[in-house]
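Chemist: return atomic coordinates for the entry below.
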Amino acid sequence: MAMIFPGQGSQAPGMGKDLAEKFAVARQVFEEADDALGFGISRLCFEGPAEDLQLTENTQPAILTTSVAAFRAARENGLPSPSFVAGHSLGEYSALVAAGVLQLSDAVRTVRARGQYMQEAVPVGTGAMTAVIGGELKAIEDACAQARGDQVCSVANSNSPNQVVIAGNTEAVDRAIELLKGVAKRVIKLNVSAPFHCALMKPAQEKLGVHLERLTFNEPQMPVVTNVDARVTTAPAELRDALLRQVSSPVRWLESMQLLLDENVETLIEIGPGKVLSGLMRQTNRDVKCLNVEDAASLEATVAALAVRDELV
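Modeler: Numbers count the residues shown, from 1 in each chain. Next comes the predicted model:
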């Protein structure tokens, strides 16, 4: 069994509120995050408003806090320790807190700065991201190369066999969209504030490096699958380096999930708001059992489903 943690885009006002009301351990997570940040990220999670929650510098600590609250409530209420953890982009920080690599207070402060640096790296409107549905990865990479010119345009996320996201300068991405119309089933321009996981994020990466160097990275309690290399590691120095390179490099999610399949993972539990990652796995392999924990009801259902699985085994 592996636990996977969602990234930006899974946020919604109200997230984590039920967990905090029903589980003291989850409530403590929100209190710790509030103290670390010096403002009420818990209130933003529970009440919104949505437009404030969508600001990258708020979204990142909000999803991280909610995910860690869900993880600690899950562990305290019967979920076993996973064989592996992984997180999509921002979610890798949640995975590292869950694995005991990073302290929650360090992680929330770091991802708030990460969000600020990513937003500052590219002026609004200069960059864009586009989801490409149903195209071959090689054809998408070729279209990016053809559209690039002297600008940036590259694969930012390889999410599933059916979904790839590209990022770069707005003009280059627009050129790629035209080229991809004959290659993909659908091309959808995303409503994002910056072009994440491409070379335009190098300034953010350099600033984030200063933060990461200050943090203590402990040995993980379970193996971590990193986005940037799509491989398993338990080495603290490698985990730090992977977080840094991840800022301007593609998220290799499909390869990461295929690695878990190769490791005979049969059950995935998505920990945190939403079910985006479960949906991506269903596009990849429908035989994997996908469960999730985002509130008390889903936690109870997941505990029950695991108990049934164990009885069958």
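Chemist: CA atoms for contacts and neighbours, from now on please.
Modeler: Noted.
Chemist: right, and Leu254 touches Gln163 too?
Modeler: No - the criterion here is C-alpha atoms under 8 Å, and Leu254 misses it with Gln163 at 9.3 Å.
Chemist: which stretches of the chain form helices?
Modeler: Here the chain has its helices, by DSSP state H, at 17-22, 24-37, 41-47, 50-53, 56-76, 91-98, 104-121, 137-148, 170-180, 202-214, 236-246, 253-262, 276-284, 296-312.
Chemist: and among those helices, the most buried is which?
Modeler: Burial among the helices of the chain, expressed as mean neighbours by mean count of other C-alpha atoms under 10 Å, is greatest for helix 91-98, which shows a mean of 28.
Chemist: between helix 56-76 and that one, find me the angle.
Modeler: 40 degrees (axes from the mean of the first three to the mean of the last three C-alpha atoms, to 10 degrees).
Chemist: so which elements touch helix 91-98?
Modeler: strand 2-5, helix 56-76, strand 84-87, helix 104-121, strand 224-226 (3 or more C-alpha pairs under 8 Å, 6 or more residues apart in numbering; DSSP states H and E).
Chemist: one step back: turn the helices of the chain into TSV, including mean pLDDT.
Modeler: Below are these laid out as TSV (pLDDT from 0 to 100):
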stretch	mean pLDDT
helix 17-22	98
helix 24-37	98
helix 41-47	98
helix 50-53	93
helix 56-76	97
helix 91-98	98
helix 104-121	96
helix 137-148	97
helix 170-180	97
helix 202-214	96
helix 236-246	98
helix 253-262	98
helix 276-284	96
helix 296-312	88
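Chemist: quick one, which of the ones you listed gets closest to Leu268.
Modeler: Distance to Leu268, taken as C-alpha to C-alpha, is lowest for helix 276-284 among the helices of the chain, at 7.8 Å.
Chemist: other residues contacting that closest one?
Modeler: Residues outside helix 276-284 that contact it (C-alpha atoms under 8 Å, 6 or more residues apart in numbering) are 4-6, 10, 159-162, 254, 257, 268, 270, 288, 290-292.
Chemist: what about 7 Å?
Modeler: Residues from elsewhere that reach helix 276-284 (C-alpha atoms under 7 Å, 6 or more residues apart in numbering): 6, 159-162, 270, 290.
Chemist: who wins for most neighbours among the residues you listed?
Modeler: Most neighbours among the contacts of helix 276-284, by other C-alpha atoms under 10 Å: Pro6, with 28 neighbours.
Chemist: got a list of what that residue touches?
Modeler: Going by C-alpha under 7 Å, 6+ apart, Pro6 touches 87-88, 91, 272, 277.
Chemist: relative to Ala24, how far out is it?
Modeler: Separation of Pro6 from Ala24 (C-alpha to C-alpha, to the nearest Å): 23 Å.
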